Each structure stands twice: as structure tokens, then as C-alpha cells.
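# predicted model, plus sequence, below.
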Amino acid sequence: MVSCPDWINMHDALIAQLVEELAVFGIRCKKEQAELMVRHLELLIEKNKVVNLTRITEPADAVTLHLVDSLLPLASREVSVSEKDRYLDLGTGGGFPGIPFGVMTGSHGTLLDSVGKKVAAVNEFIQELGMRRLVAVHDRVEDYARTHGGSQTIVLARAVAQTNALVEYATPLLSHNGLLLVQKGRPETEEIERGVRAAKICGLELVSRETFELPRGLGHREVLVFKKVRKPTIKLPRKTGLAKREPLGE
Ligand SMILES: C[S@@+](CC[C@H](N)C(=O)[O-])C[C@H]1O[C@@H](n2cnc3c(N)ncnc32)[C@H](O)[C@@H]1O
């Protein structure tokens with residue numbers, strides 16, 4: 001009998017793991033979608049040898065901590081996404097959550113990062129995966145927002161900045177009723193309170209805060225959903241750097 005090389009067995013095992021773990025959160029993933037996302041991980045792990053994109057390189061852990069984690073907003077009762085949506089992944093790093101989100105939703109996505117090497121790597125992944133609705137862009141979000149006001153129905157942010165800064169960054173990019181989806185580990189109560197105060201200034205409302213436990217005890221996660229419901233009471237975007245130096249809602 002001819003035996004399969006180990007990497008083929010591993011590839012198939014990761015696909016099965018991904019489909020199973022997403023099902024725990026009620027997220028239905030087709031085999032072709034899982035295949036694309038696992039391919040993204042394989043490309044990432046290879047590229048990570050030359051460009052620092054992630055600390056998580058054990059493949060089974062990466063399935064949970066990168067792919068499943070990235071898709072938790074889709075398990076939120078407040079979030080429904082269609083191909084008509086346009087999303088921006090604020091601080092995409094190695095393409096998370098932007099690439100998995102694009103695979104699962106079919107929406108148009110802009111994957112933004114201020115580090116050029118990461119953006120180049122993510123554009124290589126997008127091309128390799130044949131995802132024509134996605135593009136990675138090299139810019140700071142504060143600068144990008146000056147020329148792309150109101151262009152997005154959804155802004156995603158995983159592991160990027162404090163919630164009040166994310167609210168400030170996302171506001172000028174969002175269209176009316178647009179959503180900011182913030183992914184956090186275990187945020188302090190004070191961080192949420194500052195975020196809610198910043199949201200009031202920016203015309204956003206916190207419409208849900210849901211908690212999730214990742215499979216195999218890999219961690220606690222929270223998804224905060226903010227909705228743009230009014231005009232901001234201040235002019236946004238402010239000068240680059242102010243969101244961190246003089247944060248709103250402190
Ligand atoms: C900790 S990494 C998280 C990456 C990815 N979202 C993830 O969850 O794996 C934060 C990323 O945000 C980017 N970033 C930080 N501030 C930014 C800004 N003002 N504009 C654009 N990107 C930013 C950094 O370059 C970095 O790649």
C-alpha cells in the first residue's frame with residue numbers, strides 16, 4: 001500500500017479540525033472555504049521564516065488561535081454579513097481577521113497595516129489564494145480615513161489598540177449604521193467604559209458584548225459590536241497620533 005506524505009495528512013486534519021471547531025459556534029464552513037483558510041496558514045508559516053508575522057506557528061494551535069478566533073464575530077447575534085458589505089481590517093498583521101472573514105463572507109475587504117513588509121506578504125497570500133475581492137493596503141488608519149470617509153459598512157479590529165482608540169479610528173470610515181467589531185481577550189472594565197465614553201463622542205453605540213471560550217481551553221474571547229448611529233460631536237479624523245496621545249473618553 002502507498003502511504004500519503006505526512007504534510008497531506010496534516011493538511012486534511014487541519015481542514016477537519018477547522019470545520020469542527022467553527023461548528024461549535026454555529027458557523028457553517030464548506031470544505032472549499034476551510035481549504036483556503038488552511039492554505040493561508042501554510043503560506044503564513046512559510047513566510048514567517050523571513051518576515052515576522054506571528055508567534056503562533058504550531059499548525060493545530062494556529063487553526064484555533066488565528067482562524068477560529070478571527071471568525072468569532074460571525075457568531076455574534078448582532079452581526080450578519082453579505083457580499084454587499086465592504087469591510088476594513090484595521091491592523092491586519094498576517095491577514096487576520098481579514099482573510100478568513102473574506103473567505104467566509106465573500107465581501108469586499110481592505111486589509112490595512114502601517115508596516116509595509118506585512119502588507120506585501122498579505123498581498124502575496126491574497127494573490128496565491130485567488131481572492132479578487134481583497135486588497136492589502138499600506139497606510140496608517142488615521143491617514144487612510146482622510147481619503148476614504150464613509151467607505152465601509154464594517155470595520156474589524158483584532159489585537160490592535162485600546163477600544164477608545166479603535167472607536168476613534170473606525171468612526172470616519174464607517175457609513176451610517178456601519179459596525180465596528182472589536183475582538184479582545186479579557187478587557188478590563190475601565191477599557192470598556194472608556195470605549196463607551198469615546199463612542200458617545202463619536203456617535204457610536206455599544207450594541208452588544210458577547211463572550212466566547214475557544215476550543216481546547218485556548219482562551220477566553222470577547223466581541224464588542226459598536227454601531228454608528230449619529231454624527232460625531234467632534235471633527236474626525238483628528239491629527240495622526242492624537243488618538244493615542246490624547247485618547248477620547250479618558
Ligand atoms: C498585534 S498586531 C495584530 C495583527 C492582526 N490583527 C492579528 O490579530 O493577528 C497589530 C497590527 O496593527 C498594525 N497597526 C497598529 N497601529 C496601526 C495604525 N495606526 N494603522 C494601521 N495599522 C496599525 C501593526 O502594524 C500590527 O501589524
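Yep, it's here. Residues are numbered from 1 along each chain as shown.

# for the protein, which spans come out with low pLDDT?
1-5, 7-8 (pLDDT under 70).

# what sits against the spatially most central residue of the chain?
Central residue of the chain (Cα atoms, centre = their mean): residue 97, 3.0 Å from the mean position. Contact partners of residue 97, counting by Cβ atoms under 8 Å, 6 or more residues apart in numbering, are 69, 70, 71, 73, 89, 156, 158, 183. Every residue, glycine included, has its C-beta placed from N, CA and C.

# that one and residue 156, how far apart?
5 Å (Cβ to Cβ, to the nearest Å).

# which residues are common contacts for the two?
73, 89, 183.

# neighbour count, distance to residue 227 and secondary structure added to those residues, as TSV?
Shown next, in TSV, are the shared contacts of residue 97 and residue 156 (neighbours: other Cβ atoms under 10 Å; distance: Cβ to Cβ, whole Å; DSSP: H, G, I helix; E, B strand; the rest coil):
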residue	neighbour count	distance to residue 227	secondary structure
73	23	13	helix
89	30	18	strand
183	20	16	strand
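
# please enumerate the strands of this structure.
86-90, 108-113, 134-138, 152-158, 174-184, 204-213, 220-228 (DSSP state E).

# export those to TSV and tack on distance to the ligand?
As requested, the strands of the chain are exported to TSV (distance: least, Cβ to the nearest ligand atom, whole Å):
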stretch	distance to the ligand
strand 86-90	6
strand 108-113	5
strand 134-138	9
strand 152-158	4
strand 174-184	7
strand 204-213	15
strand 220-228	11
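
# what does the chain put close to the ligand?
For the chain, the residues in contact with the ligand (Cβ under 6 Å from any ligand atom) are 91-94, 96, 112-115, 118, 140-141, 158-160.

# partners of the residue lying closest to residue 90 once chain neighbours are set aside in the sheet?
The shortest distance from residue 90 to any residue other than its chain neighbours is 4.5 Å, reached at residue 157 (Cβ to Cβ, 6 or more residues apart in numbering). Judged by DSSP bridges, the bridge partners of residue 157 are residue 182.

# any idea how many residues pack against the closest residue to residue 215 other than its chain neighbours?
Residue nearest to residue 215 in three dimensions, not counting chain neighbours: residue 21, with 4.8 Å by Cβ to Cβ, 6+ apart. The tally of other residues near residue 21 (other Cβ atoms under 10 Å) stands at 21.

# who's in contact with residue 21?
Counted by Cβ under 8 Å, 6+ apart, residue 21 has contacts 63, 64, 68, 215.
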